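S.K.: return atomic coordinates for the entry below.
(chains A and B)
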Amino acid sequence: MSDREKYSLEEKLQSKLQNHEVNASHLWENIAKQIPNSSGSIWNSLGKWAAGFVATAAVTGSLWFFLNQENVKVTESHLPVNQSNQPIQTTPKENTIQENSGASIWINSDLLALDEIDSASTSVLNVDQILAEVEENSLVEDEARNFEPQVQQTEQSHSITQNQEVNSQDQSVTAHFSCVVSNPEQLRYYLFAAQDKADRYTWILSNGVESSLQAFPVNFEEPGEYSVSLTVEVNGVVLTENQVVNVYRPAKLQPANAFAPGYDGKNDSFDVLANSENVKELHSFTITNQTGRVVFESNSESSWNGRMNGELAIPGTYFWQLEYTDFGNEIKRAKGSIQLFSE
Amino acid sequence: MTEHELVKSCLKGNRVAQEQLFQQHSGKMFAIAIRYMGNREEAEDVVQESFIKIFKNLNQWKGEGPLGGWMRMIIVNTALTQLKSRQKKQSEIAIENAYTVYDEQESQLDKLQAADLMNVISEMPAGYRTVFNLFAIEGYGHKEISENLGITESTSKTQYLKAKNWLLKRINER
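M.R.: Numbering: from 1, shown residues only, chains lettered A, B, ... in the order given. Down below sits the predicted model:
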């Protein structure tokens, strides 16, 4: 059995088994009993601050709102920014700002962890604008916005969108919802509404899917942008939120595991992106030898001709590393090995 | 919602988020556990124990790699611990020394469905099933495996060869 064949056995096994699933839903109940939770609404996800808000709201009797943190993102500059509503220029520091009594903005992302923002500093976030908007409409409807759940929301993501929340008379109703990738290969997503125990949930998707559940899975047939609208009704309060969900196929790499430059004119070079699917852009491609020395490096080429300084490299195992973006605009890294055979 | 945000909600104790996270990953994790344990019952224990660990230690996931990878590591480690404690209870199946190389049967593998393959692996002698899983499917190196299991590197390599031969032989018999 040649090296190449041996390698392919493991590859075959991996491709068959690595993503194999066996339904384990029946185990959840038992697990749920043994892990910490906070009962109640999803706004627990806002943790202690949510509680603080409600309490203070009751005292001051003022109109409260906060921007949901879900969609505030910071990215590296080379990623496309398409839906920012407001630029955020704050340092990723926690607790930099003291307790306030006016409007509270709750922004949170992995890079941006502001727990609170004092009303004086809210101008940075254009909050006055939002405040005015909120005062005009006692119930806030989110403006239609591009929301790309799986895509822009990595720690590198740059986009900013906001969800606004009205707390009035101790009661918070939200039409906010989340879209989570459930199975990227099958374009299966999970939608779930943040509002617990609403009297009515009405979901309408641009692909014709409708639902009245708090959470449900959707299989999209094609990649693309879909608009999703959720209307929530709680005690006569009706709120609607619209989001545009970017559904995309994950990148798939299928590089060769061996090549023989200068042999028969075939397999002369190793193209790491040959046969790949859904790779949007290559950032870097590096080949190192077994001692870790860089043999080849490029930020535009995905192909190595097996040469080093013009000379054919010594036959053997080399390692490649790749950095690229997928159609979700996420930066991905991959690595593997390649056998270099001589004639 | 990104993985990070889902995790964040989980850390704050949000039940819906916790269940989401569980439902998203449990299928794969259960499949891994079955591969290591060889039966559903013990695999269920591993999954439960692992997810409890996962939820209690979610704050330790720094978001450097995919969450699935981190979970996979926990599942594999839990399964290995379980296997070690089982090993103490019962003596391992003796492994035959002689083995032949079956290479032409590899093509049979292509025809096999993942579920059938799972069944075959479940029947593999536990003595080398662990090394097989770690090396072939999880992609660990023999060095890592030897350190993890407290065996020598060459044992890991031989065990793997035996596992592979057993597997190919078994597939061929089907």
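S.K.: and chain B, what are its domains?
M.R.: Annotated domains of chain B cover B:3-89, B:106-173 [automatic domain parsing].
S.K.: and the longest one, anywhere near chain A?
M.R.: Translated: domain B:3-89. Yes: counting by Cβ under 8 Å from any Cβ of the partner chain, contacts between domain B:3-89 and chain A involve B:4-6, B:8-9, B:12-20, B:22-24, B:26-31, B:34-35, B:44, B:47-48, B:51-52, B:55-56, B:63. In this view, the C-beta of every residue, glycine as well, is placed from N, C-alpha and C.
S.K.: looking at chain B, which residue is nearest chain A?
M.R.: Using Cβ to the nearest Cβ, the closest approach of chain B to chain A is made by B:Gly27 at 3.0 Å.
S.K.: quick one: pLDDT of that residue?
M.R.: With respect to pLDDT, B:Gly27 scores 92.
S.K.: remind me which residues of the chain are low pLDDT?
M.R.: Since no chain was named, I'll use chain A. Residues of chain A meeting the criterion pLDDT under 70: A:1-8, A:39-171, A:263-265, A:343.
S.K.: meant chain B actually
M.R.: For chain B, the ranges with pLDDT under 70 are B:1, B:87-108, B:174.
S.K.: check contacts around the one residue sitting closest to the centre of it.
M.R.: Note on chain B: the residue nearest the mean C-alpha position is B:Ile32, at 4.1 Å, using Cα atoms, centre = their mean. Taking Cβ atoms under 8 Å, 6 or more residues apart in numbering or on different chains, we find B:Ile32 in contact with B:Arg72, B:Ile75, B:Val76, B:Ala79, B:Asn133.
S.K.: what do you get for B:Thr78?
M.R.: B:Ala33, B:Val46, B:Glu49, B:Ser50, B:Lys53.
S.K.: before we move on, back to that, in ChimeraX, select just the buried ones from the contacts of B:Ile32.
M.R.: Command for ChimeraX that selects the buried part of the contacts of B:Ile32, burial taken from 16 or more other Cβ atoms under 10 Å in any protein chain shown:
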select /B:72,75,76,79,133
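S.K.: distance to A:Val180 added to the contacts of B:Ile32, as CSV?
M.R.: Listed next are those as CSV, based on distance: Cβ to Cβ, whole Å:
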residue, distance to A:Val180
B:Arg72, 19
B:Ile75, 21
B:Val76, 24
B:Ala79, 27
B:Asn133, 29
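S.K.: just the ones of the contacts of B:Ile32 in helices?
M.R.: B:Arg72, B:Ile75, B:Val76, B:Ala79 (DSSP state H).
S.K.: ok, so of those, who is nearest A:Glu29?
M.R.: Of all the ones in helices among the contacts of B:Ile32, A:Glu29 sits closest to B:Ile75, with 19.2 Å by Cβ to Cβ.
S.K.: now the helices for chain A?
M.R.: Under the criterion DSSP H, helices of chain A are mapped to A:3-17, A:28-34, A:47-60, A:127-136.
S.K.: hmm, who's touching the shortest one?
M.R.: With contact meaning Cβ under 8 Å, 6+ apart, helix A:28-34 is reached by B:Arg15, B:Gln18, B:Glu19, B:Phe22, B:Gln23, B:Ser26, B:Gln48, B:Phe51, B:Ile52, B:Phe55.
S.K.: would you mind giving the residues you listed as JSON lines with distance to B:Asp116, secondary structure and neighbour count added?
M.R.: Compiled in JSON lines, the contacts of helix A:28-34 are given as follows (distance: Cβ to Cβ, whole Å; DSSP: H, G, I helix; E, B strand; the rest coil; neighbours: other Cβ atoms under 10 Å in any protein chain shown):
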{"residue": "B:Arg15", "distance to B:Asp116": "37", "secondary structure": "helix", "neighbour count": "18"}
{"residue": "B:Gln18", "distance to B:Asp116": "33", "secondary structure": "helix", "neighbour count": "25"}
{"residue": "B:Glu19", "distance to B:Asp116": "31", "secondary structure": "helix", "neighbour count": "20"}
{"residue": "B:Phe22", "distance to B:Asp116": "27", "secondary structure": "helix", "neighbour count": "23"}
{"residue": "B:Gln23", "distance to B:Asp116": "25", "secondary structure": "helix", "neighbour count": "18"}
{"residue": "B:Ser26", "distance to B:Asp116": "22", "secondary structure": "helix", "neighbour count": "27"}
{"residue": "B:Gln48", "distance to B:Asp116": "26", "secondary structure": "helix", "neighbour count": "19"}
{"residue": "B:Phe51", "distance to B:Asp116": "27", "secondary structure": "helix", "neighbour count": "28"}
{"residue": "B:Ile52", "distance to B:Asp116": "31", "secondary structure": "helix", "neighbour count": "17"}
{"residue": "B:Phe55", "distance to B:Asp116": "33", "secondary structure": "helix", "neighbour count": "20"}
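S.K.: quick check, nearest of these to B:Gly68?
M.R.: B:Ser26 (11.2 Å).
S.K.: apart from its neighbours in sequence, what residue is nearest the closest one?
M.R.: A:Ala24 (3.9 Å; Cβ to Cβ, 6 or more residues apart in numbering or on different chains).
S.K.: could I get the contacting residues of the one you found?
M.R.: Neighbours of A:Ala24 in contact, by Cβ under 8 Å, 6+ apart: B:Ser26, B:Gly27, B:Met29, B:Phe30, B:Glu44, B:Val47.
S.K.: what's the ChimeraX syntax to select whichever of those are buried?
M.R.: The following ChimeraX line selects those of those that are buried, judged by 16+ other Cβ under 10 Å:
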select /B:26,27,29,30,44,47
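S.K.: can you show me the helices along chain B?
M.R.: Going by DSSP H, chain B shows helices at B:3-11, B:15-37, B:40-56, B:67-89, B:106-111, B:114-123, B:126-132, B:142-149, B:153-173.
S.K.: contacts only, for the residue of the stretch 201-343 of chain A found nearest chain B.
M.R.: In the stretch 201-343 of chain A, the residue that lies nearest chain B is A:Ala215 (6.9 Å; Cβ to the nearest Cβ). A:Ala215 makes contact with A:Tyr190, A:Leu191, A:Phe192, A:Ala193, B:Val16, B:Gln20, according to Cβ under 8 Å, 6+ apart.
S.K.: hang on, the fifth one packs against A:Phe192?
M.R.: Yes: using Cβ atoms under 8 Å, B:Val16 is in contact with A:Phe192, at 6.3 Å.
S.K.: re the thing from before, and which of the contacts of A:Ala215 is nearest to A:Asn207?
M.R.: A:Leu191 (12.1 Å).
S.K.: ok, the residue nearest to the closest one when sequence neighbours are not counted - how many residues close by?
M.R.: What sits nearest to A:Leu191 in space, not counting adjacent residues and going by Cβ to Cβ, 6+ apart, is A:Cys179, at 5.4 Å. Residues lying near A:Cys179 (other Cβ atoms under 10 Å in any protein chain shown) number 22.
S.K.: please tell me how far A:Cys179 sits from B:Ile52.
M.R.: From A:Cys179 across to B:Ile52, the span is 27 Å (Cβ to Cβ, to the nearest Å).
S.K.: what's the answer for A:Lys12, then?
M.R.: A:Lys12 sits 34 Å away from B:Ile52, going by Cβ to Cβ.
S.K.: kindly report the same for A:Leu312.
M.R.: A:Leu312 is 55 Å from B:Ile52, by Cβ to Cβ.
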